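> predicted model follows, preceded by the sequence.
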Amino acid sequence: MIKIIFVDKKRGEYSNEIDNYIARIKKYTPITIDYIKSLGGKNTNDILKKEEVLIRKIINPNDFIVLLDSKGKEFTSDRFSKWLLEIITSQNVVFVVGSAYGLSDNLKKQYYLLSLSKMTFSHFTARLLLTESLYRAFCILNGSSYIK
């Protein structure tokens, strides 16, 4: 099972496209999305700490937690699909996409970091890239024509 946690507003840019990829992924594996409302404020560190508390409330420490971060591990699509398969055969996987403020250092120190690219994207674009990458991974694993 895959869970995706998006920190920020529920609907935003690319929402329809993301919904489309989620529906396609469900043909291969159970997948859910949880939304955590981003917290406003003046101090970024305070915001990140508050968001961390909310994230920790909905993750299971027995799951494999993956945080999207620009300093994370990068994969080719083929390698990502194989990596994902290795994990989901034994554990649930939770992907966390932070708000515009990112994710707290405490979370980054504790969990696996994944980068979608060396380039920087908005968190809304990262949502779309993640869901498309997950769909592509399942297509690769199942020999679908999507990837050709």
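Structure received. Residues are numbered from 1 along each chain as shown.
> chain center to stretch 39-54: distance?
Stretch 39-54 has its C-alpha centroid displaced from the chain centroid by 19 Å (C-alpha atoms, centre = their mean, to the nearest Å).
> and that stretch, average pLDDT?
Taken as a whole, stretch 39-54 has an average pLDDT of 90.
> please begin residue numbering at 22 from this point
Sure thing, new numbering starts at 22, so read that last one as stretch 60-75.
> quick check: buried residues in it?
Using 16 or more other C-beta atoms under 10 Å as the test for burial, stretch 60-75 gives 60, 68-69, 72-73. In short, each C-beta sits where N, CA and C put it, glycine included.
> stretch 40-52 too?
For stretch 40-52, using 16+ other C-beta under 10 Å, the buried residues are 42-43, 45-46, 49, 52.
> helix, strand, or coil at the residue nearest to the spatial centre of the chain?
In the chain, the centroid-proximal residue (C-alpha atoms, centre = their mean) is Phe116; its distance is 3.3 Å. Here Phe116 is recorded as strand under DSSP: H, G, I helix; E, B strand; the rest coil.
> what about it, distance to Lys63?
29 Å (C-beta to C-beta, to the nearest Å).
> one more: Leu155?
35 Å.
> go on, Gly123?
16 Å.
> can you show me the CA trace of the longest strand along the chain as CSV?
Longest strand in the chain by number of residues (criterion: DSSP state E): strand 85-94. Output for strand 85-94, consisting of C-alpha atoms alone and laid out as CSV, is shown next (Å, rounded to 0.1, in the frame of the first residue of the first chain):
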residue,chain,number,x,y,z
PHE,A,85,8.7,3.1,5.1
ILE,A,86,8.7,6.9,5.1
VAL,A,87,10.0,8.8,2.1
LEU,A,88,10.3,12.6,2.2
LEU,A,89,10.6,14.6,-1.0
ASP,A,90,13.6,16.8,-0.7
SER,A,91,16.1,18.4,-3.2
LYS,A,92,19.0,16.8,-1.3
GLY,A,93,17.5,13.3,-1.5
LYS,A,94,18.5,10.3,-3.6
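> perfect, that will be all.
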